[in-house]
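Trainee: Any chance you could fold what I've pasted below:
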Amino acid sequence: MAKWLVKSEPFKWSWAQQKKKGVEPWDGVRSYQALGNMREMKLGEEVMFYHSNKGLEIVGICSVAREYYDDPNDEKSGLVDLKAERDMPSPVTLKQIKADGRFDEVALVRQSRLSVMPIPDDKWDELMEISEAGAA
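Mentor: Residues are numbered from 1 along each chain as shown. Predicted coordinates:
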């Protein structure tokens with residue numbers, strides 16, 4: 001199964017709001033590349049929730065609760081439903097990710113404006129290790 005990362009500005013939609021809501025459509029995506037990534041997301045796949053603009057950190061884990069479908073309010077966009085699953089053991093900051101060196105080829109570092117991106121399995125595991133080490 002693939003793994004993903006989605007970015008949201010916390011003043012527009014935060015991890016706290018996602019957790020409170022439980023399952024929510026991921027909307028507002030207009031980038032062709034990000035929409036293409038959303039089309040690839042499959043039911044049950046894991047998704048890291050990243051606070052962009054303010055915070056700049058991975059804060060939670062969601063799962064895909066509904067695969068890609070047309071946005072009834074925006075013909076140029078689409079949706080996936082994401083279900084909040086759990087907090088990261090400790091947030092992983094962009095500063096940590098960039099300083100580490102193992103993530104130089106990950107879209108979060110290479111394509112800073114991309115809002116929905118795949119995360120290779122090995123990089124997912126390494127991000128989780130950083131998070132778990134920070135919680136220890």
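Trainee: residue contacts, the nearest residue to G28 once chain neighbours are set aside?
Mentor: Using C-beta to C-beta, 6 or more residues apart in numbering and skipping the chain neighbours, the partner closest in space to G28 is S77 (7.2 Å). Bear in mind the C-beta positions are built from the backbone N, C-alpha and C, glycine included. For S77, the contacting residues are D27, G28, V29, R30, L35, D71, by C-beta atoms under 8 Å, 6 or more residues apart in numbering.
Trainee: Return the list of helices and strands in contact with whichever strand or helix holds the fifth one.
Mentor: For L35, the host element (DSSP states H and E) is helix 32-40. Using 3 or more C-beta pairs under 8 Å, 6 or more residues apart in numbering; DSSP states H and E as the contact criterion, the secondary-structure elements in contact with helix 32-40 are strand 78-93, strand 116-118.
Trainee: one step back: can you flag which of the contacts of S77 belong to helices?
Mentor: The helices in this structure, assigned by DSSP state H, contain L35 from those.
Trainee: ChimeraX command for the buried members of the contacts of S77?
Mentor: Selecting only the buried entries of those in ChimeraX, with 16 or more other C-beta atoms under 10 Å as the criterion:
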select :29,35,71
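Trainee: can the contacts of S77 go into a markdown table with extra columns for distance to S63?
Mentor: Listed next are the contacts of S77 as a markdown table, based on distance: C-beta to C-beta, whole Å:
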| residue | distance to S63 |
| --- | --- |
| D27 | 17 |
| G28 | 20 |
| V29 | 18 |
| R30 | 24 |
| L35 | 20 |
| D71 | 20 |
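Trainee: and of the contacts of S77, the nearest to K54?
Mentor: Closest approach to K54 among these (C-beta to C-beta): G28, at 16.9 Å.
Trainee: mind putting the helices and strands packed on helix 32-40 in CSV, distance to V59 and mean neighbour count included?
Mentor: Putting the helices and strands packed on helix 32-40 into CSV (distance: least, C-beta to C-beta, whole Å; neighbours: other C-beta atoms under 10 Å) gives the following:
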stretch, distance to V59, mean neighbour count
strand 78-93, 5, 19
strand 116-118, 16, 20
